[in-house]
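Visitor: Here you go, sequence then predicted model.
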Amino acid sequence: MEVFVLRLGHRPARDKRISTHVALTARAFGAKGIFVSTKDEELEESVRDVTGRFGGDFEIRTGVKWKPLLRDFQGTKVHLTMYGVHVDDALPRIKKEAEGRVLIVVGAEKVPADVYQLADFNVAVGNQPHSEVAALAVFMDRLTDGEGLRSEFEGRLKVLPCERGKRVVDRERPE
Ligand code: SAM
């Protein structure tokens, strides 16, 4: 399955940190890339910097016209919203339909009404307001049955899990 994320309503001055977290969460949970509706070169740079060091082929594009992208996306379109169908109820249907590509839409500020119509599924990660980062993480983990978190990135830097402290191998500077 190929998963992409569309981040709507990013405001560079206010949302840089949280949009970076949305992108890094998408990458860490196995997405192929993120589209951001507002142009933000600094956001692109910081996400590419992580990919450059930690690996993978995650792509980021900002300044993307969201409506044509959402309308024409070949695959299943899932909008995460607290107003949607509970993830437990929606997921079996999404998994049945989403064989190839999935586009997950998350907002920042209020999402345009059209999004609810253009999406194939409006899904709530619980029907309480919380965060796009939390919603994305829970949804991607469930969509991939935990496999997304096992993605291999083959980066220059590789973290070796350990009980205490930090172990990181730099492939360009072998010990
Ligand atoms: N106030 C905005 C509105 O009314 O649309 C939403 C702001 S919320 C901080 C930003 C994004 O987080 C939402 O657009 C949605 O994608 C996601 N989100 C927040 N709570 C959610 C939930 N319970 N389930 C799914 N997504 C959620």
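Guide: Looks like it arrived, so ask away.
Visitor: need the residues of the protein near the ligand, please.
Guide: 80-82, 106-108, 110-111, 124-126, 128-132, 135 (CB under 6 Å from any ligand atom). C-beta: built from backbone N, CA, C; applies to glycine.
Visitor: Return the subset of those residues lying in strands.
Guide: For these, the ones inside strands are L80, T81, M82, V106, A124, with DSSP state E as the criterion.
Visitor: and these, which are buried?
Guide: Among those, those buried by neighbour count (16 or more other CB atoms under 10 Å) are L80, T81, V106, A124.
Visitor: Now the second one: closest residue in space that isn't a chain neighbour?
Guide: Think T81. N122 (5.4 Å; CB to CB, 6 or more residues apart in numbering).
Visitor: residue contacts, the residue in the chain positioned nearest to the ligand?
Guide: Proximity to the ligand, evaluated over the chain using CB to the nearest ligand atom, is greatest for G107 at 2.4 Å. Neighbouring residues of G107 by CB atoms under 8 Å, 6 or more residues apart in numbering: L8, G9, T81, V115, E132.
Visitor: Pull up the per-residue confidence for it.
Guide: pLDDT for G107: 97.
Visitor: Which members of the ones in strands among the residues of the chain next to the ligand are the farthest-apart pair?
Guide: V106 and A124 (12.3 Å; CB to CB).
Visitor: If we ignore the residues flanking it in sequence, what's nearest the residue nearest the centre of the chain?
Guide: What sits nearest the mean C-alpha location of the chain, by CA atoms, centre = their mean, is A26, with 2.9 Å. The spatially closest residue to A26, leaving aside those adjacent along the chain, is V5, at 4.4 Å (CB to CB, 6+ apart).
Visitor: The residue nearest to K39 when sequence neighbours are not counted: neighbour count?
Guide: Spatial nearest neighbour of K39, chain neighbours left out: G63 (3.2 Å); criterion: CB to CB, 6+ apart. By the criterion of other CB atoms under 10 Å, G63 has 12 neighbours.
Visitor: Contacts only, for G63.
Guide: V36, S37, T38, K39, D40.
Visitor: Looking at strand pairing, list the partners for the residue nearest to T81.
Guide: Beta bridges link N122 to H79 when assigned by DSSP bridges.
Visitor: Tell me the pLDDT of it.
Guide: With respect to pLDDT, N122 scores 98.
Visitor: My read is that it contacts V87, right?
Guide: No - using CB atoms under 8 Å, N122 is not in contact with V87, being 11.0 Å away.
Visitor: okay, now D72: neighbour count?
Guide: D72 - counted by other CB under 10 Å - has 7 other residues nearby.
Visitor: For it, grab phi and psi.
Guide: Dihedral pair for D72: phi -100, psi 0, per degrees, to the nearest 10.
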